[in-house]
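Peer 1: Need the 3D shape of this:
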Amino acid sequence: MDGLPGQGPGNLPRDGNGAVVGPVRPFRERSTRARHMQSQRSTERFENAERESRAGVRPKSMPSADLEPVAGPDPGAGLAPWPARTVAKPRRFPSQVLGTAAARAPRPGARGRAALLWIGLVAVAALLGLATFLASPPRAAPDPESGTTAPGRPAAGVNPTGAPESAGGARTEAPADEPPVLETARSARGPRQAPGSFDERVLDGKGRIRGFVQAPAGVDFPLEWTLLVGPSPSMIGHERAESRTLSFQNGEREFALEDLPLGGYALCARAYGLASLEQHLLLAKPGETDVYVSMQFGITAVVEGSVRLADSAAVLGLELSLEPRPAGVRQTATSDLYGHFTFTDVRQGGYTLHFGSPENPVREAIEVNVVGPFERLGDLTVPKMCELVVRAQTELGTPVRGVQIDGYGDHGGRFSGLTDEQGEVRARFLPAGRITVDARSEDGRSRRGRKLVDDSGPGILVLVFEQ
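Peer 2: Below is the predicted model:
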């Protein structure tokens, strides 16, 4: 046996010849003493750190990691021993070890004081800026005599000496007499372009409109229907468009309108109980001379009613207008001898019914909601109005035909028309009061007259034209 129990043969002290020298201490005894001494040194360091922390002195250095030797397996167990290895303990600070309030409390330093100083400076600068803004006087309107907008501020186009700027000088503001113009879809860097005039040559020539019509869901397509084509009041070139009507008897669904003058058109398809929305289009060169449209019938209704006076007398010849809400094409109807009126081909939806001209109504308008194929409004009452007959004649009493008559009342009501063969224009549904009439003949002669009217009977105003 080369050594004592607990002592490996490779760890025995030997001399130069390899012989074992002196008594040998067991390896386990040396390892235990080393651990004890190292633990004692660590305890002393932590106690010193605790005393410095309680005294308010920051430790100059933190305790380093402790190296604790771990012994290998027991040689008595039949296994050969190997050199000891060490395991590092984690570094721990006094606040983690001691847990004292003094070690955990934050202490103000140079960074904290600098931050407080910067915050104070920023607050002072903000207060100074606010005071300067509130103390500055408001800008006044330009004075044409002095050429200034505020004390010490020259107006646009005037230099500080009071003389106007030269024509070659740079302008920073638009002239006062040029109102700003609203522009859309123009780049901020692009040059301002002058509006160009419409070239009438794009409407020279002929074109074609083709299309297809379909019925609403669940409704059979009608065998007989009519396509109405006419000028569109909202399109350019409508004065060049012409009106046409196509009638179909065998349920055709496609249509074609050939050799139409180029211009703005409106199309509408109608059948019994069905009608399409109006479609507006423009035939123009170069690429819009052959247009194809798709249209669809919608279920329509009939709106009817009657207008009467307060004594139930029927009102004859009153014009009524049915206008879609919020906007759309108006339909007009005129009351007959019995005061009855009818609107046909009315699509379902909300409408406004005007009594008389919408610009000069006889009474307030009412709202009508069309939800079915037939809408009955019943008897509608209008106030009793006045009537005026304007007669144009010569000094000898000869009627003057074709005189343009324009009249208006002090309390509302306007009318116009041309004198007939008897030289008369009859204005109805006028409010009581004074009516002023202006007349102008075909040769340029003009006359003016006034007449008081009431509900007792029609008034007559005669305007005499010298021969």
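Peer 1: Give me the mean pLDDT for stretch 227-239.
Peer 2: The average pLDDT within stretch 227-239 is 88.
Peer 1: Now that stretch: buried residues?
Peer 2: Across stretch 227-239, burial judged by 16 or more other C-beta atoms under 10 Å covers 227-232, 235, 237-238. (Glycine included, C-beta is placed from N, CA and C.)
Peer 1: got the CA coordinates for that stretch in PDB?
Peer 2: Provided in PDB are the C-alpha atoms of stretch 227-239 (Å, rounded to 0.1, in the frame of the first residue of the first chain):
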ATOM      1  CA  LEU A 227     -88.000  54.100 -74.100                       C
ATOM      2  CA  LEU A 228     -88.000  57.900 -73.800                       C
ATOM      3  CA  VAL A 229     -84.900  59.800 -75.000                       C
ATOM      4  CA  GLY A 230     -84.500  63.500 -74.700                       C
ATOM      5  CA  PRO A 231     -82.100  66.400 -73.900                       C
ATOM      6  CA  SER A 232     -80.600  66.300 -70.400                       C
ATOM      7  CA  PRO A 233     -80.800  69.700 -68.600                       C
ATOM      8  CA  SER A 234     -77.800  68.800 -66.500                       C
ATOM      9  CA  MET A 235     -75.400  67.900 -69.300                       C
ATOM     10  CA  ILE A 236     -73.400  70.100 -71.600                       C
ATOM     11  CA  GLY A 237     -74.500  70.000 -75.200                       C
ATOM     12  CA  HIS A 238     -78.200  69.400 -74.300                       C
ATOM     13  CA  GLU A 239     -79.200  72.000 -76.800                       C
END
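Peer 1: biggest separation within the buried residues of stretch 227-239, which pair?
Peer 2: Greatest spatial distance among those (C-beta to C-beta): Leu227 and Gly237, at 20.4 Å.
Peer 1: where does the protein have low pLDDT?
Peer 2: The chain contains residues with pLDDT under 70 at 1-31, 56-111, 136-197.
Peer 1: go again using 50 as the cut-off
Peer 2: 1-8, 27, 62-71, 75-88, 93-105, 143-188 (pLDDT under 50).
Peer 1: mind giving me the domain split of it?
Peer 2: According to automatic domain parsing, the chain comprises the domains 9-101, 202-296, 300-381, 386-465.
Peer 1: Make a markdown table out of those domains and add distance to Ala115.
Peer 2: Formatted as a markdown table, the domains of the chain follow (distance: least, C-beta to C-beta, whole Å):
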| stretch | distance to Ala115 |
| --- | --- |
| domain 9-101 | 22 |
| domain 202-296 | 69 |
| domain 300-381 | 62 |
| domain 386-465 | 77 |
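Peer 1: so what strands line up beside the host helix or strand of Thr332?
Peer 2: Thr332 is part of strand 331-334, with elements assigned from DSSP states H and E. In the sheet, strand 331-334 lines up against strand 319-324 (antiparallel) (DSSP bridges).
Peer 1: okay, the partner strand in PDB with CA atoms only?
Peer 2: As requested, the backbone C-alpha atoms of strand 319-324 are provided in PDB (Å, rounded to 0.1, in the frame of the first residue of the first chain):
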ATOM      1  CA  GLU A 319    -100.300  72.900 -60.900                       C
ATOM      2  CA  LEU A 320     -98.800  70.400 -58.400                       C
ATOM      3  CA  SER A 321     -95.200  69.100 -58.200                       C
ATOM      4  CA  LEU A 322     -94.000  65.800 -56.800                       C
ATOM      5  CA  GLU A 323     -90.300  66.100 -55.900                       C
ATOM      6  CA  PRO A 324     -88.200  63.100 -54.700                       C
END
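Peer 1: now what about it, what contacts it?
Peer 2: Applying C-beta atoms under 8 Å, 6 or more residues apart in numbering, the external contacts of strand 319-324 come out as 303, 307, 330-335, 341, 343, 346, 349-358, 368.
Peer 1: Can you say which of those are buried?
Peer 2: Neighbour counting over the contacts of strand 319-324 (16+ other C-beta under 10 Å) leaves 303, 307, 331, 333, 335, 341, 343, 346, 351-356, 368 as the buried ones.
Peer 1: out of those residues, who's nearest Phe297?
Peer 2: Nearest to Phe297 among those is Val346, at 13.7 Å by C-beta to C-beta.
Peer 1: how far away is the closest one from Asp199?
Peer 2: 40 Å (C-beta to C-beta, to the nearest Å).
Peer 1: go on, Gly317?
Peer 2: To Asp199, Gly317 is 46 Å away according to C-beta to C-beta.
Peer 1: got it, and Gly459?
Peer 2: Applying C-beta to C-beta, the value for Gly459 to Asp199 is 53 Å.
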